[in-house]
Structures are given as structure tokens and as C-alpha cells.
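**Student:** Sequence plus predicted model, see below.
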Amino acid sequence: MSRDEVAALYRRYGFFLLRRCRLILRDDAAANDALQETFVKLMVHGATVQDTEQPLRWLSRVTDRCCFDAIRKNRRLRWATPIDGVEDEIGAHPNVEPVTRNAVLSLLGRLSEEEQSIAVMAYVDGMSQGEIADEVGYSRVTVNKKLQGIKERARRIMGGTND
């Protein structure tokens, strides 16, 4: 992928992806680093995004993985609190309660990479269980079980008890 093509994708999607990074990581500097890492990966593996019908969806998944890597590498991010104004700026998906979304995002550092992906798809993107199942290659029943476990852990956080 040429630099001009990457620059065009950045101009088109960079704002949305940075908002996503800020929401997931709750840290401006880490969000900027994750966004940069996303576009570095795009420069290396850019042919993949050209082959997809939904470039924003593809870029969102790469961005998510960059954010999850940042959470794993930086203990401070695992327990980060929301950045002032980010949640109001972004708002929750209409299918997701903001309180639940925030609890799930607080839990990301304690989840496996697989659970992190499912949690973001459900509680940030508002995807249905069927859509998530198609995306990750699991049955809807398996996705439902994983979401129930994540939601129960988030409920404990909202209630003030630890895992």
C-alpha cells in the first residue's frame, strides 16, 4: 500500500479510530500510540484492507488489537478511569447502556484477548450475538455464554465487589 493510500485512509477514518482508542484505553497518549500502531500495521499489511468490502470494520478490529496489546503491556491502562468528556463525546451505542459499557471497559484488562474482542463488539459496537458469532467464528450459543460471563463480571464491578 502506498503512503498516499494510507494517508487517504487516515484522513477518512483516523478521527473515528482515535475516538475508539480513547474510549478503550482511557488515556490520550496511549490512544495516540495505538492509532499510530494501527497505521504502521496498515503500511505493512495494507493489501488486506484493500481486499475487504468494509475497510472501517477491518481497521476497527486492527485498532482493537493494538489497544488490547497496549493494555497487556501497560499495567496502568488495565485500571484506567475514563478520560474527562470522552464518554459524553462518544456516547454509548443505542443498544448498550452507558453504565454497563463503562463497567465492561473497566474490565478489559482482566479479560482474555478473545473476551476483549467480544466485549468491544457487544458493548462498544452494539453488535448482536449473531453478528459477533459470524465475526469470530463461534456459534451464537458460545457467544451468548461468553457475554453472560463478561456481563456478570461487569455487574460485580458495578456492585463494588472484586473478581
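**Tutor:** Perfect, I can see it now. Residues are numbered from 1 along each chain as shown.
**Student:** ok, and what's touching stretch 27-47?
**Tutor:** 1, 3, 5-6, 9-10, 14, 17-18, 21-22, 24-25, 49, 59, 62-63, 66-67, 69-70, 74, 76-77, 80, 83 (Cβ atoms under 8 Å, 6 or more residues apart in numbering). The way it works is simple: take the backbone N, C-alpha and C, and place the C-beta from them, glycine included.
**Student:** gap between it and the chain center?
**Tutor:** Distance of stretch 27-47 from its chain centroid, counting by Cα atoms, centre = their mean, to the nearest Å, is 13 Å.
**Student:** rewinding a little: report the buried members of the contacts of stretch 27-47.
**Tutor:** Among the contacts of stretch 27-47, those classed as buried by 16 or more other Cβ atoms under 10 Å are 6, 9-10, 17-18, 21-22, 24-25, 49, 59, 62-63, 66-67, 70, 77, 80.
**Student:** name the element the nearest residue to Ile24 once chain neighbours are set aside belongs to?
**Tutor:** Excluding its sequence neighbours, the residue lying closest to Ile24 (Cβ to Cβ, 6 or more residues apart in numbering) is Cys67, at 4.4 Å. In this structure, Cys67 is located in helix 55-73 according to DSSP states H and E.
**Student:** by contact count, what packs against that helix?
**Tutor:** Helix 55-73 sits against helix 3-25, helix 28-50, helix 75-78, helix 113-123, with contacts defined as 3 or more Cβ pairs under 8 Å, 6 or more residues apart in numbering; DSSP states H and E.
**Student:** how about that helix as CSV, C-alpha atoms only?
**Tutor:** This file holds the C-alpha atoms of helix 55-73, laid out as CSV (Å, rounded to 0.1, in the frame of the first residue of the first chain):
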residue,chain,number,x,y,z
PRO,A,55,-12.5,-1.1,5.5
LEU,A,56,-13.7,0.7,8.6
ARG,A,57,-14.7,-2.6,10.2
TRP,A,58,-11.3,-4.1,9.3
LEU,A,59,-9.5,-1.1,10.6
SER,A,60,-11.6,-1.2,13.8
ARG,A,61,-10.5,-4.8,14.5
VAL,A,62,-6.8,-3.9,13.9
THR,A,63,-7.2,-0.9,16.2
ASP,A,64,-8.9,-3.0,18.9
ARG,A,65,-6.0,-5.5,18.8
CYS,A,66,-3.5,-2.6,19.1
CYS,A,67,-5.4,-1.3,22.1
PHE,A,68,-5.6,-4.8,23.7
ASP,A,69,-1.8,-5.1,23.2
ALA,A,70,-1.3,-1.7,24.9
ILE,A,71,-3.5,-2.9,27.9
ARG,A,72,-1.5,-6.0,28.2
LYS,A,73,1.9,-4.2,28.1
